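>>> Dropping a prediction and its sequence here:
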Amino acid sequence: MDIHMTVNGEQVSASVEPRTLLVHFIREHLRLTGTHVGCETSYCGACTVHVDGKAVKSCTMLAVQADGADITTIEGLADGDALHPVQEGFWERHGLQCGFCTPGMIMSSVKLLEAAPDPSEREIREALEGNLCRCTGYHNIVRAVEYAGARMRGEEPAQPDWEVN
Amino acid sequence: MTETTSVLGGAVRRREDPALIRGTGKYTDDVNPTGTLHVAFVRSPFAKAKILSIDTTAAAEAAGVVAVYTAEDVRHLGPLPAQVPVRPRPLLADGQVAHAGEAVAMVVATDRYLAQDAAELVFVDYEDQAPVIDLKAAQAGDVKAHDDMDSNVIISWAGGPFGDEEAIAATRAGISAAKEREDAVVVSLEMTNQRLIPTAIEPRSVHAEWNAGYGEFRVHSSTQIAHALAGAIARVFGLANSAVHLTAPEVGGGFGAKLNIYPDEILTCFAARSLGRPVKFTETRREAAVSTIHGRGWVATATITGTRDGEILGYELEGVADMGAYTQNFTAAIPFLGLFIGSGQYTMPTYWKVDCVLTNTVVTDAYRGAGRPEAEYYLERIVDAYAREIGMDPADVRKKNYFDTFQDAISPIGFAMDTGDYAKNLDALLAFADYDGLKADRDRMRAEGRLVGIGLSSYVEVCGFGPSGLAELGFSWSEYNLPSSFNGSALLRVTPEGGATLSIGTGPSGQGHETTWAQIVNRETGIPLDRIRVLHGDTKDSPTGIGSFGSRSLAVDGAAAHEASQKVTAKASKIAAHLLEAAEEDIRFGDGAAHVAGSPDASVTWAEIAKAAYQPHLLPEGLEGSLEAHALFSPGNATWPFGSHIAMVEVDPDTGDVTLLRYIGMDDCGNVVNPMIVDGQLHGGAAQGIGQALHEHGIYDDMGNLLTTSLVDYLIPTAATLPAFELARTVTPTHVNPLGVKGIGEAGTIGSAQTIVNAVVDAVAHLGVRHIDMPLRPKRVWQAIQDAKGA
Amino acid sequence: MYARPFDYAAPSSLEEALDLLSANPDAKVMSGGMSLLPMMKLRLLSPTLVIDIGRIPGLDEIVDQGDHIAIGALVTHAEVAASDLIAAQATALGQAAAWTGDAQVRNRGTLCGAVAHADLAADTPATTLALGATMVARSTRGEREIAAEEFFVDTLQSALEPDEILTEVRIPKRGGGSAYDKLGRRGGHTDYAVAGVAVWVADATGSDARVAVTGVGTKPQLATAVMDALGAGTPIEEAAARATEGMTVLEDLHGSEAYKAHLAAVFTGRAYAAARENAR
């Protein structure tokens, strides 16, 4: 089937089998390998991308379902050299270790902060339940989101924990 | 507040991160040159079965299929290389399968969808046999995991101390005598330390190309041990190690699961060589559950004999550990790592014996902590039960039986420990956590009718492997064409423009080695951080490397980087002294330059020193050109970090649901290079121990079917199930390496599971509950409360 | 984890979709795909044709129809959870939607999809039972309404005929109050329900209670024994103990029969109390 969509602001067209998953279309046809596959059962969230402004798991969506859609992947988040505040937060607060869950985690966090600009720690933790991380124990991911939220609200982020204790 | 001195570097932001947060980091599955073929395996649905026949005809004719292989095609390659090859596994099941999920055939096709389609068309005729799954049944041995074996027990690890039969007998006699004392209290519990599935979020992946002209493999693999894997491939195919260029690019979490050589890695190379095409295998999550190693899987009885006033007179552990169906890299040696710390931080006589049994299940091997979480779990659970039995505060019982502050002590189980200051650490935790206040909080909540508990646990770890001679205890790297040694490796080159490139022998999977190692080089040389490049996980960059596991990287390879930096700086001093016409002993390095002590204006930059080093005519007489050093650091001992943790939990009495209210840690890993990274390791480590305590369980049915093959059934912690971690540290440096560092990758895991269980038992002990086996899922906690009520 | 090959159609009208379904009895209807695609990837289901109704206009609305709320086939869990109308008139459904899956799953998965999938442990189906919802099924043969208590037949089996599409769930606006409570697999409220209970009551005294249980048996179902007992004036503590009476309770990795029956009783009590509170 022929499909057309906008990915990170660029028009793309391709012919795919109906069973081609959106994540494989992004990774293998478009060669945008920042979106990862961690579980294929829509549980780990490493494949999270934005489709028409919503965070979705691209391992559980067919490429043909995204025909006509506007898609943003991790590669499309930064504005050139300028990182998105959430990307900056993950860097500043050690919100990643192996980095494999990170693109999905960042894409979910961006949507979380759009919906709730000043979330509580509990809200952050519940909003990220669809993104599994095995490295960080989530502690610094929460801090990274808090950092980004502060930046986006024009506030000074809290001191990093390692300087407090 | 506790000591945070002895920070060797500072909380430098990670240089690894920019690529990873932009999505441009490259993992193995991202390697996808045009024409890459994809592998799918046909896997046994039976735990134990004879293979009567395999019909690959339909699969071979299916769309996109390039080749189908069975054992017949690969038998000539021999079994899978393993370090401790007690029962090595065939590359593909050869006439017999020994666990559900074992690969019996391999399909290679033009894309991964077509490969899976064709795999469904391979018809295998099995004659299924009764498997042995249960550990104690395996130990009893009525059914064998393999029909050609006399016993399922392949090795027993005993100590008290280790390796001395007479002394062990004397220890046992002594403990028996203690039990006869009038004031003796004997507390005993049989406890399960359940099977876990490591679950790195990146599934394993391998990509191989064979260049027939160069006679060289180009391999990418998601591995923690690049050099060992390259050596294993070289050995299987009869090549020089240098003919296998292997890269472990970004590795998406390892935790021991990627500290192994897997059949699919060898077979993917085989297919690439046979077909002359690039070939890739990436496991699916469900496949990972049955083809990548599992961890833990012990049942053991722990017994403490002590006095009414808290003096422990003896500790005994007798158990059985599940090896799964074969032995892979370290499999049979994992309980041995537990034996190392069998007596923990304590001085009491210790008898310890664990039988290693084969079962018809997925192979077990090193999973974060590897033998040490099991050992500390049993010991710290039974110490807690003993404290409860005699009505003493668990902190007081521990302190009463700790080693005093020491440098170089021999543990009762027979191993030399480097440094320890256990009481100081525990006292620091009690102060940091406001233990008395915490207990008052708990008691206040209890008065409201809530089930609230506080758990305390301490641990000692052995890590930082290690001494070169350790290999002689049975860890042999020669199976992988490597020298039998655990030494570190760091090759530091000052580049002609004055920067530095460090090639290290570790294989990080998120631990931030590029950042930490650059900090080490910077600290010694003064070369600016942004001019130091750190290369790892590539057999062409580093001449050798043992990889990253056992919390060894910083204490061994980091120390090697320190030594290499010193060697390079020593030579650079000579060059600087020559260029500055100063005495060599007056040269000091800092801010990217060499300075002359007492002459603030006299300096020469690293760029100028490097320029001279690469233009021999500018060098002083007798000094050779180039500016580089290769250090192979071999420590005198492993390192022995320690720490103490406290958890506070609340149990919902109606549902058994456990909520973790607080988690507080006081860890001591010696000196710290980057406190940000060290804390991050503790967070993740503790999360995995908490996951074991509360959620995770690899469950088999009686027929050997794994019931937890997806993340819907194998439950790892989410952001919502964990609290913020409250961490601080004490600093007790080691003398076995020049940095004074120990290791921190596994400490959080080793210290946490029993802390949680101790807390939950504390919450429900007054109802009559003595113990609940992990994972403490709501159903188990509720059931334990019901059973106690009924009793 | 790749589906077997299939044909795909994305009709632009319901009529077109119904014609396709009528002509292809092996076809599967997909809205968000969050239930269907995982089963296809596991190759537990291999339809020859997938009919994606996701592009059909007019199915994506929550509409106040005076005496009921109409929730269209493409309304997602996220939209249900965020709806003020549902929060006010069908509190239990909003809670269940918010505790279904995770944020990304809720963005794609639909209420009608979850109802039609009829998973034994899904959250929202139980609330449709307690709230007395009506399911609207369309086929080329016409439209029919199915009461929620007739809709869930067995595990993964609904009352929909092979040629029917669930186009709408209607929640009657009966006033009173409702609530949903559950235990997830990791504890707390998320993940699949080990047990979950939805309760609707007519007023703050708890009159005319409707109680539905999910997660414990083969399907979400009304706890009629509890409803009868409450109707006869039995105190909730005693009535709740009958939450699984007459049901087949199934042991699984997350609980024994006794435990699940116990949980059903516990959450019956909790949801009943919350529903009364919400009826104030």
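Alright, I've got the coordinates. Residues are numbered from 1 along each chain as shown, chains lettered A, B, ... in the order given.

>>> how many neighbours does residue 8 have?
Using chain A here. By the criterion of other CB atoms under 10 Å in any protein chain shown, A:Asn8 has 18 neighbours. For the C-beta atoms, the positions are set from N, CA and C on the backbone; glycine is no exception.

>>> right idea, wrong chain: chain C
16.

>>> State the helix or strand in which it lies.
strand C:7-9 (DSSP states H and E).

>>> Following element in sequence after that strand, please.
Defined by DSSP H and E, the subsequent element after strand C:7-9 is helix C:14-23.

>>> could you give me the average pLDDT of that following helix?
Mean pLDDT, helix C:14-23: 98.

>>> which other residues reach that helix?
Contacting residues not belonging to helix C:14-23 are listed as C:9, C:11, C:27, C:29, C:49, C:51, C:53, C:56, C:58-59, C:138-140, C:162-165, C:167 [CB atoms under 8 Å, 6 or more residues apart in numbering or on different chains].

>>> packing partners for whichever helix or strand comes after it?
Following helix C:14-23 in sequence order, the next helix or strand is strand C:28-30 (DSSP H and E). Counting by 3 or more CB pairs under 8 Å, 6 or more residues apart in numbering or on different chains; DSSP states H and E, the packing neighbours recorded for strand C:28-30 are helix C:36-41, strand C:49-52.

>>> strands paired with strand C:28-30, and their directions?
Strand pairing for strand C:28-30, determined by DSSP bridges: strand C:49-52 (parallel).

>>> Listing partners with orientation, what would you give for the helix or strand following the partner strand?
Later in the chain than strand C:49-52, the nearest helix or strand by DSSP H and E is strand C:62-64. The pairing partners recorded for strand C:62-64 under DSSP bridges are strand C:68-72 (antiparallel).

>>> Just the mean pLDDT for the partner strand, thanks.
On average, strand C:68-72 scores 98.

>>> and if you look at stretch B:533-540?
On average, stretch B:533-540 scores 95.

>>> Any residue of that stretch touching chain A?
No. Figure legend: stretch B:533-540 not in contact with chain A (CB under 8 Å from any CB of the partner chain); closest approach 12.4 Å.

>>> Just the closest residue of chain A to chain C, please.
Among the residues of chain A, A:Gly130 lies closest to chain C, at 2.8 Å counting by CB to the nearest CB.

>>> Would it be right to say that that residue lies in a strand?
No. Using DSSP: H, G, I helix; E, B strand; the rest coil, the secondary structure at A:Gly130 is coil, not a strand.

>>> Can you report how many residues neighbour it?
A:Gly130 has 27 neighbours, counted by other CB under 10 Å.

>>> Then B:Asp434?
B:Asp434, neighbours per other CB under 10 Å, totals 12.

>>> just the one 4 residues further on next, same as before
The number of residues packed around B:Leu438, counting by other CB under 10 Å, is 18.

>>> For the longest helix anywhere in chain B, which helices and strands make contact with it?
As assigned by DSSP state H, the longest helix anywhere in chain B is helix B:559-580. Here helix B:559-580 touches strand B:490-494, strand B:500-504, helix B:513-525, strand B:587-590, strand B:593-596, strand B:599-605, helix B:606-613, strand B:628-631, going by 3+ CB pairs under 8 Å, 6+ apart.

>>> could I get it in CSV with only the CA atoms?
These are the backbone C-alpha positions of helix B:559-580, laid out as CSV (Å, rounded to 0.1, in the frame of the first residue of the first chain):
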residue,chain,number,x,y,z
ALA,B,559,43.0,2.1,37.8
ALA,B,560,44.7,1.0,34.6
ALA,B,561,43.7,4.4,33.1
HIS,B,562,45.2,6.1,36.1
GLU,B,563,48.5,4.2,35.7
ALA,B,564,48.6,4.9,32.0
SER,B,565,48.0,8.5,32.7
GLN,B,566,50.9,8.5,35.2
LYS,B,567,53.2,6.8,32.7
VAL,B,568,52.4,9.3,29.9
THR,B,569,52.7,12.2,32.3
ALA,B,570,56.1,11.0,33.4
LYS,B,571,57.4,11.0,29.9
ALA,B,572,55.7,14.3,29.2
SER,B,573,57.5,15.8,32.2
LYS,B,574,60.8,14.9,30.6
ILE,B,575,59.8,16.6,27.4
ALA,B,576,58.4,19.6,29.2
ALA,B,577,61.6,19.9,31.3
HIS,B,578,63.6,19.8,28.1
LEU,B,579,61.4,22.4,26.3
LEU,B,580,61.3,24.7,29.4
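
>>> What residues of that helix count as buried?
B:559-565, B:567-569, B:571-580 (16 or more other CB atoms under 10 Å in any protein chain shown).

>>> Stretch B:531-546 too?
So, applying 16+ other CB under 10 Å, buried residues of stretch B:531-546: B:531-539, B:541-542, B:544-546.

>>> Among those, list the two that are farthest apart in space.
Greatest spatial distance among those (CB to CB): B:Arg531 and B:Ile546, at 27.4 Å.

>>> residue ranges for the helices of the stretch 101-250 of chain C, please.
Under the criterion DSSP state H, counting those that start in this stretch, the stretch 101-250 of chain C contains helices at C:103-108, C:111-117, C:124-130, C:148-151, C:224-231, C:236-240.

>>> Out of those, flag the one nearest chain A.
For chain A, the closest of those is helix C:103-108, at 4.4 Å, according to CB to the nearest CB.

>>> Could you report the pLDDT at the residue of the stretch 151-280 of chain C found nearest chain A?
Here the stretch 151-280 of chain C gets closest to chain A at one residue, C:Thr190, 5.5 Å apart by CB to the nearest CB. C:Thr190 carries a pLDDT value of 80.

>>> And B:Thr2, by the same measure?
In this model, B:Thr2 is scored at 39, pLDDT.

>>> Next: B:Leu379.
98.

>>> Just the element for it, please.
helix B:372-390.

>>> CA atoms only for that helix, dumped as CSV, please.
Output of helix B:372-390 as CSV, limited to C-alpha atoms (Å, rounded to 0.1, in the frame of the first residue of the first chain):
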residue,chain,number,x,y,z
ARG,B,372,26.0,-12.1,46.1
PRO,B,373,22.4,-10.9,46.4
GLU,B,374,21.5,-14.5,47.2
ALA,B,375,24.1,-14.8,49.9
GLU,B,376,23.3,-11.5,51.5
TYR,B,377,19.6,-12.2,51.2
TYR,B,378,19.8,-15.4,53.3
LEU,B,379,22.2,-14.0,55.8
GLU,B,380,20.5,-10.7,56.4
ARG,B,381,17.0,-12.2,56.5
ILE,B,382,18.1,-14.7,59.1
VAL,B,383,20.0,-12.2,61.2
ASP,B,384,16.8,-10.1,61.2
ALA,B,385,14.7,-13.2,62.2
TYR,B,386,17.2,-13.8,65.0
ALA,B,387,17.0,-10.2,66.2
ARG,B,388,13.2,-10.5,66.3
GLU,B,389,13.4,-13.8,68.2
ILE,B,390,15.6,-12.4,71.0
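
>>> I'm done for today, thanks for sticking with me.
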